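*Asks:* sequence unavailable; structure follows:
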């Protein structure tokens, strides 16, 4: 069982993603914005982070970059989960250090595949 941090400012999205994560047998942690996500990553050291992009305080791109620049959290894979579906958004997200990019509305099988690819076996 992995510990997965879900960072999303939408309670309904958070709940939907949490259900998928827990259905797979993993523990779901949550944070309501990018700044809280960065703090939770430092404090909890999750196995993986699912990060929304459009959020108050720090957006997901900024939070991803911050987590990847910190030696204590740089090893944690981040999957961006967002409504931003333009190719330029995907390229920018990957340049910030994301390992994968899943667009909303979430297709469960796509999220499961990304989780399986980046979770430690």
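*Replies:* On my side now, so go ahead. Not measured: the values here are computed from a predicted model.
*Asks:* got a pLDDT number for the residue lying closest to residue 46 once chain neighbours are set aside?
*Replies:* Excluding the flanking residues, the one nearest residue 46 by Cβ to Cβ, 6 or more residues apart in numbering is residue 5, at 4.0 Å. In this view, the C-beta of every residue, glycine as well, is placed from N, C-alpha and C. Residue 5 carries a pLDDT score of 98 in this model.
*Asks:* who's in contact with the residue nearest in space to the middle of the chain?
*Replies:* Centroid-nearest residue in the chain, with Cα atoms, centre = their mean: residue 50, separated by 1.6 Å. The contact partners of residue 50, by Cβ atoms under 8 Å, 6 or more residues apart in numbering, come to 4-8, 17, 21, 78-79, 81, 111.
*Asks:* check residue 49 too.
*Replies:* Residue 49 makes contact with 4-7, 37, 41, 67, 76-79, according to Cβ under 8 Å, 6+ apart.
*Asks:* rerun at 6 Å
*Replies:* Neighbouring residues of residue 49 by Cβ atoms under 6 Å, 6 or more residues apart in numbering: 5, 76, 78.
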